[in-house]
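Undergrad: Quick one: sequence and predicted model below, then my questions.
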Amino acid sequence: MRFEGILAALTTPFAPDGALALESFRENLARYDRTHLNGYVVVGSTGESVLLTFAEIDRIWAAAREFAAPGKLLIAGVGVDSTAETIARAQRASELGYDAVLVKTPHYFKPLLSPEALERHYLAVADASPVPVLIYSIPQYTGISITAEWVARLAGHPNIVGIKESSGNVQLASEIIHLCPCEFSTFGGSSATLFPSLLLGAAGGILALACFLPEPAIDIFEAVRAGDTARASRLQFSLLAPSRKIAGELGPTGVKYAMDCVGYYGGVPRLPLLPLTEAQKKTVESVLAEAIARQKLDHLGVAS
């Protein structure tokens with residue numbers, strides 16, 4: 001299986017009372033299914049994974065498997081600090097029919113997590129997982145940084161097939177792509193660096209921004225594949241502000257409000273994440289309006 005394309009890092013929808021809003025989740029997926037998104041990551045950082053009980057995670061995984069259109073790639077976010085629990089979650093995702101699992105770096109015992117310790121964690125998960133494993137590097141949340149050489153060692157394992165590299169460090173992404181086998185899939189996790197990452201050989205992007213602006217991200221991917229780098233560059237510039245001010249600065253809360261603004265169900269975040277202030281909402285609305293206007297101009301063939 002080739003892991004490539006643009007995947008949405010899905011949000012987890014909550015009703016006003018805090019319960020899972022599975023009907024809204026179904027409606028979101030029905031709309032995403034009509035796009036050219038290649039698939040979905042379910043219960044990752046944008047899905048507020050660390051704020052969910054495992055019973056809730058299991059219900060969301062099952063719902064995504066049921067609601068997603070055939071042919072969409074499904075990747076379950078299974079990474080937790082415990083190696084044994086990560087393996088158990090990978091096995092459950094396999095039982096539900098997922099294509100792969102995304103495993104973030106453990107981080108709680110940070111001073112003790114040497115590269116060797118992290119390597120043993122990933123090798124143990126890869127040995128036991130019935131489905132392929134993707135490494136997940138997100139140092140802005142975990143405080144754990146990786147090196148390309150470390151990734152290349154892990155890429156030698158037949159069941160470790162790729163990485164979501166979310167630091168936004170294009171040099172790191174280029175080194176990973178250079179050092180790892182050609183069949184190893186490097187996904188950009190930052191929409192702000194999607195275009196340069198693709199030019200360097202990234203397989204695609206796993207993006208929070210694709211929850212509310214999937215089409216421009218898909219267009220960048222398709223333009224690069226078609227050799228239309230001028231258009232891809234224009235589209236990348238149109239995503240800089242939403243990437244930084246919505247997905248980056250405001251995280252899942254900002255993504256959810258942006259989804260509400262464009263007709264998806266975003267809804268409320270879960271504590272300790274707070275709803276946006278009125279000023280933050282106005283910023284999201286303004287940034288979205290400008291990005292959508294630039295997208296429309298591009299579709300009309302007008303340079304913005």
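TA: Cool, the structure landed. Model, not experiment: these values are computed from the prediction.

Undergrad: Send me stretch 238-252 as PDB with only the CA atoms.
TA: Included here for stretch 238-252 are C-alpha records, laid out as PDB according to Å, rounded to 0.1, in the frame of the first residue of the first chain:
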ATOM      1  CA  SER A 238      -2.800  31.800   0.400                       C
ATOM      2  CA  LEU A 239      -2.500  29.200   3.200                       C
ATOM      3  CA  LEU A 240       0.200  30.900   5.200                       C
ATOM      4  CA  ALA A 241      -2.200  33.000   7.300                       C
ATOM      5  CA  PRO A 242      -4.800  30.300   8.100                       C
ATOM      6  CA  SER A 243      -2.000  27.900   8.900                       C
ATOM      7  CA  ARG A 244      -0.300  30.200  11.300                       C
ATOM      8  CA  LYS A 245      -3.200  32.100  12.900                       C
ATOM      9  CA  ILE A 246      -5.800  29.300  13.000                       C
ATOM     10  CA  ALA A 247      -4.200  25.800  13.000                       C
ATOM     11  CA  GLY A 248      -1.000  27.000  14.600                       C
ATOM     12  CA  GLU A 249      -1.800  29.600  17.200                       C
ATOM     13  CA  LEU A 250      -5.300  28.400  18.100                       C
ATOM     14  CA  GLY A 251      -5.000  24.700  17.700                       C
ATOM     15  CA  PRO A 252      -8.000  22.400  17.700                       C
END
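
Undergrad: got the contact list for that stretch?
TA: 11, 45-48, 190-192, 194, 207-209, 212-213, 216-217, 220, 254-255, 257-258, 269, 273, 276, 280, 283-284, 287-288, 290-291, 294-295, 298, 304 (CB atoms under 8 Å, 6 or more residues apart in numbering). C-betas here are computed from N, CA, C, even on glycine.

Undergrad: other SSEs contacting the helix ranked longest in the chain?
TA: Across the chain, the helix with the greatest residue count (assigned by DSSP state H) is helix 278-299. When contacts are defined as 3 or more CB pairs under 8 Å, 6 or more residues apart in numbering; DSSP states H and E, helix 278-299 sits against helix 214-226, helix 229-242, helix 251-261.

Undergrad: from the contacts of stretch 238-252, which would you call buried?
TA: With neighbours counted by 16 or more other CB atoms under 10 Å, these contain buried members at 11, 45-48, 190-192, 194, 207-209, 212-213, 216-217, 220, 254-255, 257-258, 269, 276, 280, 283-284, 287-288, 291, 294-295, 298.

Undergrad: Report the inter-axis angle for the least confident helix or strand in the chain by mean pLDDT versus helix 214-226.
TA: Ranking every helix and strand in the chain by mean pLDDT, DSSP states H and E puts helix 278-299 at the bottom, with a mean of 92. Interaxial angle, helix 278-299 versus helix 214-226 (axes from the mean of the first three to the mean of the last three CA atoms, to 10 degrees): 40 degrees.
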